[in-house]
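Chemist: quick one, structure for this:
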Amino acid sequence: MSAPARNSSRKPGLVRFGVFEADLETRELRKQGRRIRLQDQPFALLAFLLERPGVIVSREELRDKLWPADTFVDFDHSLNTAVNKIREVLGDSATSPRFIETVARRGYRFIAAVHMSGNADAVPQQLARVVPESQTDLPRPHRGVTRILFGLLQVMYLIFYVEALLHWHALDRIEIFNVGAPLVTSIVIVSAGVGIPLRFYLLSAVGFDHAQLGMKFHKIFLGILVFDLFWGIAPFLIVERIGFGPAFGATAALLYVPFAERTLVRMAYPNAG
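Modeler: Residues are numbered from 1 along each chain as shown. Here you go, the predicted structure:
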């Protein structure tokens, strides 16, 4: 009697990759045995990619599989949000992917070594850039940390603006680089008035984890750069109180802040989405 044929179409219940373990039956994700919370839609997306490791899964295929035709949602926004949620819990990045690779204008591909339940061997990866599993355990900046740091920078600028408006009368005695006090006062008041709503927008966007923040910040970065560079010389407004050396040092640090903002946004909201 011949042996019964093995059902190769049966989907595995447990998938291991790096320090993570996904139970496709109970829809649970664990890291080193500890359960990690991941919403249903992002988990469904992760499970679909895990079932096809090393294969480019098109956005159209994901839409047909996970977003039925009778579902009225913004597909691009929903997909980008789901991918970002997965990357957040995995500590992954679109710019330096260890698990999910974005293939421009095509879709996504799971690139890490995958171990299926009941199979001690890793699923073969036909990729030139697969990251060795030993490297997948390296710590990476968490999206939550980068978002908090970005938010703190916005709070810092808000404090600057509010302090300038509360003490605007003291600006009448200040001249910067031979610019008269009345002009300095006008520029500071107007820029602070513009900066407050700008910072509240960025603070609320990062606070509510707006999926399109990366793209929007990229579009307005030049304006933010000019704006922040101007406020970078703010320490010279109080140079008489703190001295030239501290004012110069503080200005040098503040001039770097807009570039730090851009780096944090790129880490938390990669443009490739």
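Chemist: low-confidence bits of this protein, can you list those?
Modeler: Residues of the chain that meet the criterion pLDDT under 70 lie in 1-12, 69-73, 118-141, 167-185, 234-243, 270-273.
Chemist: now with 80?
Modeler: Low-confidence segments of the chain (pLDDT under 80): 1-13, 67-75, 117-143, 160, 163-193, 211-212, 215, 230-251, 268-273.
Chemist: now the helices for it?
Modeler: Ranges of helices in the chain, per DSSP state H, are 40-50, 59-66, 75-90, 133-136, 143-166, 181-207, 213-231, 239-242, 244-268.
Chemist: adding distance to residue 97 and mean neighbour count, write these out as CSV.
Modeler: For the C-beta atoms, the positions are set from N, CA and C on the backbone; glycine is no exception. Below are the helices of the chain laid out as CSV (distance: least, Cβ to Cβ, whole Å; neighbours: other Cβ atoms under 10 Å):
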stretch, distance to residue 97, mean neighbour count
helix 40-50, 12, 20
helix 59-66, 17, 15
helix 75-90, 8, 20
helix 133-136, 10, 14
helix 143-166, 14, 17
helix 181-207, 22, 16
helix 213-231, 16, 15
helix 239-242, 45, 13
helix 244-268, 13, 16
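Chemist: residue 107 is nearest to which of those helices?
Modeler: helix 59-66 (5.1 Å; Cβ to Cβ).
Chemist: what's the angle between that closest one and helix 75-90?
Modeler: 80 degrees (axes from the mean of the first three to the mean of the last three Cα atoms, to 10 degrees).
Chemist: export helix 59-66 as PDB, just CAs?
Modeler: Extracted in PDB, the C-alpha atoms of helix 59-66 (Å, rounded to 0.1, in the frame of the first residue of the first chain):
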ATOM      1  CA  ARG A  59      -0.700  45.800  -3.300                       C
ATOM      2  CA  GLU A  60      -3.500  44.600  -5.600                       C
ATOM      3  CA  GLU A  61      -3.300  41.100  -4.200                       C
ATOM      4  CA  LEU A  62      -3.300  42.400  -0.600                       C
ATOM      5  CA  ARG A  63      -6.400  44.500  -1.400                       C
ATOM      6  CA  ASP A  64      -8.300  41.600  -2.900                       C
ATOM      7  CA  LYS A  65      -7.300  39.300   0.000                       C
ATOM      8  CA  LEU A  66      -7.700  41.600   3.000                       C
END
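Chemist: which strands or helices does it pack on?
Modeler: helix 40-50, helix 75-90, strand 107-110 (3 or more Cβ pairs under 8 Å, 6 or more residues apart in numbering; DSSP states H and E).
Chemist: can you lay out these as JSON lines showing distance to residue 256?
Modeler: Shown next, in JSON lines, are the helices and strands packed on helix 59-66 (distance: least, Cβ to Cβ, whole Å):
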{"stretch": "helix 40-50", "distance to residue 256": "34"}
{"stretch": "helix 75-90", "distance to residue 256": "26"}
{"stretch": "strand 107-110", "distance to residue 256": "34"}
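Chemist: turn the helices of the chain into a markdown table, columns for distance to residue 33.
Modeler: Listed next are the helices of the chain as a markdown table, based on distance: least, Cβ to Cβ, whole Å:
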| stretch | distance to residue 33 |
| --- | --- |
| helix 40-50 | 18 |
| helix 59-66 | 28 |
| helix 75-90 | 15 |
| helix 133-136 | 17 |
| helix 143-166 | 21 |
| helix 181-207 | 31 |
| helix 213-231 | 33 |
| helix 239-242 | 52 |
| helix 244-268 | 27 |
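Chemist: many thanks, I have nothing further to ask.
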